[in-house]
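> take a look and give me a structure for this.
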Amino acid sequence: MCSEDRHITMDRNDFLKLGGTGLAGAVLLGSAGGVSLAQTGSLRTEFESAAHKYGVPVALLLAMGYVNTLWEMPPPSASDYEKGDPEGRGAYGIMQLEQNPWRDTLGRAASLTGLSERQLKTDRAANIEGGAALLSEMVGMPKPHDLDGWQEAVGEYAGTDLYIREVYLTLENGASLTISTGERVTLSPQDVTVPQVYTAQATADYPRAVWRPADPSNYTNSNRETSCNIGKIVIHVAQGTYSGTISAFQKKNYGASAHYVVSRRGALAQCVRGEDIAWHAGWWKTNKHSIGIEHAGYIDNRNSFTRRMYRSSARLSAWCCKKYRIPVDRKHIIGHNEVPGCPGAGGGVDCHTDPGKYWNWKKYMRMVRHYRRRM
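Model (predicted):
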């Protein structure tokens, strides 16, 4: 019998908001620790400068930044490491430099660049330079002649092969986005090979998902499909990437997990069996009686939530509602912020704010009802 998972009290509502195209200098926004985030000049120029300095292809850095945060610079508080928090992975900035009990790529980037860890966490150009320096060291010498030659280093950078596929799909398809400063950033499609990623032999409960199991230390083994009622679905936003979230759940003693993770492209992974209790809600009673669904992205970036993501997640929720006889309404399909003890739930304490103001509940519930009727 596992002990109750930790109650989370971190405020995750501070995300960088920069408006207008006339922001030529640094714009500062307070984070949870009172640290200001600096963004100066052109993002494209910052990527090009870091790429040139460390001999890394600029297209590769751009693709990584897009996969990581959609080219936005989250504050440190967005995903500060906190044991037992599914959204607290300890991954910082556009380049997702990590600092947690398992990895310290942030510290290594500081050593390679001579920049402080604080600069790497809060200054956009510094963070990109840190990522470039780290990737350059990982690939070694001589540098590969083409983008495909960097695949192994990209996997080492994130600590998961699934990240390679995310990055190389972005390289193959290209990307274009107007970021919060008003700058339009474009990555042209590249001639690359998108790798296949090993999938565990076992099949997922949900037919449209792939099975990517969390480490057994991060959930409670149970038989609740017959021993107790599953009556809720909890919607989360990961404050990070699809691959990074899955990878975190696979770390021994990470202290958190969710049943499913959904990507912006609509890819779906199951990490915990439905009969077992995932540690996702920060409230034991909710964990015992719910299914947790994480969605890649950040709560304060409206671009995190795509139609493909909504569609994939809504189908999953509809399937769960059918399987566990969960009513399709907002009393039974709730946000993480609505778990007892969180703002909006009458708890009176700081907890989680996901899925946030950009999550379209009306659209999502309409889609869940649509798919449920077709089952």
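> just to be sure, Val185 is in a helix?
No. Assigned with DSSP: H, G, I helix; E, B strand; the rest coil, Val185 falls outside any helix and is strand.
> mind listing what Trp359 touches?
Ile235, Val237, Ile299, Phe305, Gly335 (Cβ atoms under 8 Å, 6 or more residues apart in numbering). In short, each C-beta sits where N, CA and C put it, glycine included.
> of all the residues you listed, which two lie farthest apart?
The span of these, defined through Cβ to Cβ, is set by Phe305 and Gly335 at 12.9 Å.
> burial of His336, as a residue count?
If you count neighbours by other Cβ atoms under 10 Å, His336 ends up with 30.
> in this protein, which helix or strand is least confident?
Across the helices and strands of the chain, the lowest-confidence element by mean pLDDT, DSSP states H and E is helix 224-227, at a mean of 66.
> quick check: next helix or strand after that helix?
strand 232-237 (DSSP states H and E).
> who's in contact with the following helix or strand past that next one?
Counting by DSSP H and E, the next helix or strand C-terminal to strand 232-237 is helix 242-249. By Cβ under 8 Å, 6+ apart, the surrounding residues in contact with helix 242-249 are 67, 86, 89, 91, 96, 158-160, 162-163, 165-166, 212, 214-215, 218, 238, 240, 254, 256-258, 261-264, 267, 269, 271-272, 294, 296.
> what lines up beside the helix or strand that helix 242-249 is followed by in the sheet?
Past helix 242-249, heading to the C-terminal end, the next element that is a helix or strand (DSSP H and E) is strand 260-262. Using DSSP bridges, the strands paired with strand 260-262 are strand 268-270 (antiparallel), strand 290-295 (parallel).
> tell me which of those is the most buried.
Ranked by mean neighbour count under mean count of other Cβ atoms under 10 Å, the strands paired with strand 260-262 are led by strand 290-295, which reaches a mean of 27.
> quick one: which of the contacts of Trp359 is the most crowded by neighbours?
Busiest of the contacts of Trp359 [other Cβ under 10 Å] is Ile299, holding 29 neighbours.
> and that residue, how far is that from Ala153?
When distance is defined by Cβ to Cβ, to the nearest Å, Ile299 is 31 Å away from Ala153.
> tell me which of the strands paired with strand 260-262 lies nearest to Gly107.
Smallest distance to Gly107 across the strands paired with strand 260-262 (Cβ to Cβ): 26.9 Å, for strand 290-295.
> which element follows that closest one toward the C-terminus?
Following strand 290-295 toward the C-terminus (DSSP H and E): helix 307-324.
> what is the very next helix or strand once past that next one packed up against?
Downstream of helix 307-324, the next assigned helix or strand under DSSP H and E is strand 333-335. Packing partners of strand 333-335 (3 or more Cβ pairs under 8 Å, 6 or more residues apart in numbering; DSSP states H and E): strand 232-237, helix 361-373.
> can you list the strands that strand 333-335 pairs with?
In the sheet, strand 333-335 lines up against strand 232-237 (parallel) (DSSP bridges).
> next, the angle from the strand it pairs with to helix 242-249.
Strand 232-237 runs at 120 degrees relative to helix 242-249, counting by axes from the mean of the first three to the mean of the last three Cα atoms, to 10 degrees.
> kindly calculate the angle that strand 232-237 makes with helix 361-373.
Going by the same axes, to 10 degrees, strand 232-237 makes 130 degrees with helix 361-373.
> for Val67, see how far away the residue nearest to the spatial centre of the chain is.
Central residue of the chain (Cα atoms, centre = their mean): Gly240, 2.0 Å from the mean position. Computed as Cβ to Cβ, the Gly240 to Val67 distance reads 10 Å.
> check Val167 too.
Taking Cβ to Cβ, one finds Val167 at 5 Å from Val67.
> show me where this protein has its helices.
Ranges of helices within the chain are 43-54, 58-69, 105-113, 117-122, 124-139, 151-158, 161-173, 224-227, 242-249, 284-288, 307-324, 361-373, based on DSSP state H.
> go through these and pick out the most buried.
Mean neighbour count (mean count of other Cβ under 10 Å) peaks for helix 242-249 among the helices of the chain, with a mean of 27.
> okay, the strands paired with strand 260-262 in CSV with mean pLDDT and distance to Ser313 next?
Below are the strands paired with strand 260-262 laid out as CSV (pLDDT from 0 to 100; distance: least, Cβ to Cβ, whole Å):
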stretch, mean pLDDT, distance to Ser313
strand 268-270, 97, 8
strand 290-295, 97, 6
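> what about those, which gets the closest to Arg184?
When those are compared (using Cβ to Cβ), the closest one is strand 290-295, at 25.5 Å.
> angle of that closest one against helix 307-324?
Using the same axes, to 10 degrees: strand 290-295 against helix 307-324 is 170 degrees.
> please state the offset of strand 290-295 from the chain centre?
How far strand 290-295 lies from its chain's middle: 13 Å, per Cα atoms, centre = their mean, to the nearest Å.
> buried subset of the contacts of helix 242-249?
Neighbour-count burial (16 or more other Cβ atoms under 10 Å) applied to these gives 67, 86, 89, 91, 96, 158-160, 162-163, 165-166, 212, 214, 218, 238, 240, 254, 256-258, 261-264, 267, 269, 271-272, 294, 296.
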